[in-house]
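[1] generate coordinates for the sequence data below:
(one chain, ligands or ions: 3)
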Amino acid sequence: MRTKLVNSAAARSSESHAILVPVGAKINLPSDAPKANTWKSDFSDKNGSSITLRGAAGKRWVLVRLPKAKDVTAEDVRGAAGVARKVCEGLEKPTLSIDLSCLKNAAAFVQAAIEGSMMAGHDMALMRSDKPKYLVKSIQVAGAGSSKAASQALKHGTHGAIANLATRDLQNAPANILTPKEFAKRARKVCSSSPKLSCKVLGEKKMAEMGMGSLLGVSQGSVNEAQLVHMVYKPKGKSKGKLALVGKGLTFDTGGISIKPSGNMQDMKFDMSGAAAVLGTFVALGKGAECQYEVHGILGCVENMPGANAQRPGDIVTAMNKMTIEVHNTDAEGRLVLADCLTYTARKVKPMRIYDMATLTGAAIHALGHLHSAVIGTDQKAIDQVRDLSAELGEPCWQLPINEAYRDLTRGSYADLQNLYAPGQGAGTIAGACFLSFFVDDVPWVHLDIAATAWEGPPRSYMSKGGRGIIARTMLAVLRK
Ligand code: BES
Ligand code: MN
Ligand code: ZN
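    Ligands and ions are numbered 1, 2, ... in the order given. Have a look, this model is predicted:
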């Protein structure tokens, strides 16, 4: 997708011209557009509603409604830009312009306009022969000037959308195709696309040598070999330090011997959404997203299957940090996989901060519903930053507590830890985070539980069915700071 800033005159002569119109705002339509008295009553005040005006020679103007100018948020613009994209796809023209000139501080909304219009072009029906073709090949933002801030916002929006779309493609891919090995292959391919990226992959033999008994215990029921993917981004010029992004990459989670009910089990292909978000972020880094940190992306790609060799409830495994873990429930596998990924990261990478992202607990749905991801960790400044940036990007995170009293609940009786604490205690999302906290050593740490937000959820014009690409845009925003 090509994106650029243009002036309103250029936009007016473009093929499909969408104007975002706050309630009460004056619209500056060219003289060959239909007069307001012919359509005014059809253009509703409802946020996100739209109307298409027809001119001579196939000229079309699409008006999309926003709230009153003083109330407009980035999310409103993202949503309206998504509507504009959807309507303009129907007009079958390759260039879409989005006109922000009716907005007061238009430059501040460029990023959201690009995000919404690009993200709305995602098709979840990846393997359907009748899948719709997206015809828009180029998006231009008009009426926002050409300041440095506006052109940077354009880049940020473009890279954010690239990361989001790449994440969604991975999420939607089925587990028979996107196996751990295939995941690793795709990561290698992404990293070979840019001299700033590199990638190494550890197979099960190497992981066994490193003592990753916790991760390997989850994998042993599957014929698909686990892969630990380690990607590195090195910025041009001086690095501001090392950050690590760690993703849960369960390419499928049946629950293992503690098998899940069959209803909707097909959706458990999205249990790799954390790893997908990390790889999606690296896709954008490979395409020049702004970042002055050295970034390490660690993906724990594993399949959780029942099988003759599967681990049993009650088994005790030894993690890379030498802690023993009693496996109470083989369906609490994400924390077992992440445990070794986190130790690997803390000890081999030694970053100044770790962000992990994982579809870790169904309890996140009970705690926060499908609107907010849960954020828990030991670095309050970084948590505050994630909360603020994610809210601005329309993928908000909300903090839950962690402390010694909660951490104590996850200590085991037959082993140092157990992967589940007593049922009925509640706080499942906190319990998952507590377990992980034993594996980060002293590295400042931010854990993002995206179980409730990674897949489907509240309707958005720029989201389709399936994966939502959650948290990749937030991570890119963190990496820009
Ligand atoms: N991948 C699931 C969590 C999940 C559930 C994600 C629903 C998205 C939607 C995770 O591996 C899991 O099964 N967690 C269990 C933990 C429990 C056994 C302590 C859960 O949440 O039920
Ligand atoms: Mn599970
Ligand atoms: Zn899982």
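
[2] okay, now the nearest residue to residue 465 once chain neighbours are set aside: neighbour count?
    Excluding the flanking residues, the one nearest residue 465 by Cβ to Cβ, 6 or more residues apart in numbering is residue 124, at 4.8 Å. The C-beta positions use only the backbone N, C-alpha and C, and glycine is treated the same way. As a burial measure, residue 124 scores 15 neighbours (other Cβ atoms under 10 Å).

[3] please read off the pLDDT at residue 124 from the model.
    Looking at residue 124, its pLDDT is 79.

[4] same thing with residue 404?
    For residue 404, the predicted pLDDT is 97.

[5] shaky segments in the stretch 1-150 of the chain?
    Counting by pLDDT under 70, the stretch 1-150 of the chain has low-confidence residues at 13-14.

[6] in it, what residue lies closest to ligand 1?
    Nearest residue of the stretch 1-150 of the chain to ligand 1 (Cβ to the nearest ligand atom) works out as residue 124 at 17.3 Å.

[7] and the gap between that residue and residue 276?
    If you measure residue 124 against residue 276 using Cβ to Cβ, to the nearest Å, the figure is 14 Å.

[8] state the distance from residue 158 to residue 113.
    Going from residue 158 to residue 113 by Cβ to Cβ gives 11 Å.

[9] touching both of residue 124 and residue 276, which residues are there?
    With contacts defined as Cβ atoms under 8 Å, 6 or more residues apart in numbering, the residues shared by residue 124 and residue 276 are 168, 467.

[10] spatially, what comes nearest to the residue in the chain that ligand 2 sits nearest to if we skip its sequence neighbours?
    Here the chain gets closest to ligand 2 at one residue, residue 331, 3.9 Å apart by Cβ to the ion. Distance criterion Cβ to Cβ, 6+ apart; nearest residue to residue 331, sequence neighbours excluded, is residue 255 at 3.8 Å.

[11] and residue 305, how many neighbours?
    Residue 305, neighbours per other Cβ under 10 Å, totals 23.

[12] just the buried residues of stretch 92-102, please?
    Across stretch 92-102, burial judged by 16 or more other Cβ atoms under 10 Å covers 93, 95-102.

[13] again with stretch 77-92
    77-89, 91.

[14] neighbours of the residue of the stretch 301-450 of the chain found nearest ligand 1, just the number please.
    Closest residue of the stretch 301-450 of the chain to ligand 1, Cβ to the nearest ligand atom: residue 362 (3.2 Å). Neighbourhood size, residue 362 [other Cβ under 10 Å]: 13.

[15] my guess is it meets residue 428, correct?
    Yes. The pair residue 362 and residue 428 passes the contact test of Cβ atoms under 8 Å, sitting 7.2 Å apart.

[16] run the chain-centre distance for the longest helix along the chain.
    Ranked by residue count under DSSP state H, the longest helix found in the chain is helix 148-172. Computed by Cα atoms, centre = their mean, to the nearest Å, the chain-centroid distance of helix 148-172 equals 10 Å.

[17] and what of stretch 84-103?
    25 Å.

[18] how about stretch 329-344?
    20 Å.

[19] and it, what's buried?
    330-344.

[20] filter those down to the ones near ligand 1?
    Within the set of those, contact with ligand 1 (Cβ under 6 Å from any ligand atom) is found for 331-334.

[21] for the stretch 51-200 of the chain, what spans make up the helices?
    Listed in chain order, the helices of the stretch 51-200 of the chain (DSSP state H, counting those that start in this stretch) span 74-91, 110-119, 148-172, 180-191.

[22] does the residue of the stretch 1-150 of the chain closest to ligand 1 touch residue 168 like I think?
    Yes. Between residue 124 and residue 168 there is a contact under Cβ under 8 Å: 7.4 Å.

[23] and whatever residue of the stretch 301-450 of the chain ends up closest to ligand 3, what does it touch?
    Closest to ligand 3 within the stretch 301-450 of the chain is residue 334: 4.3 Å, counting by Cβ to the ion. Going by Cβ under 8 Å, 6+ apart, residue 334 touches 248, 250, 253, 271, 358-361, 432.

[24] and residue 203, how many neighbours?
    The local packing of residue 203 (other Cβ under 10 Å) involves 14 other residues.

[25] ok, the closest residue to residue 159 other than its chain neighbours to ligand 1 distance?
    Leaving aside its chain neighbours, residue 159 sits nearest to residue 289 (3.9 Å; criterion: Cβ to Cβ, 6+ apart). Residue 289 sits at a distance of 28 Å from ligand 1 (criterion: Cβ to the nearest ligand atom, to the nearest Å).

[26] so residue 289 is in which element?
    Applying DSSP states H and E as the criterion places residue 289 outside every helix and strand.

[27] what sits against it?
    Neighbour list for residue 289: 155, 159, 162-163, 281, 476, 479-480 [criterion: Cβ under 8 Å, 6+ apart].
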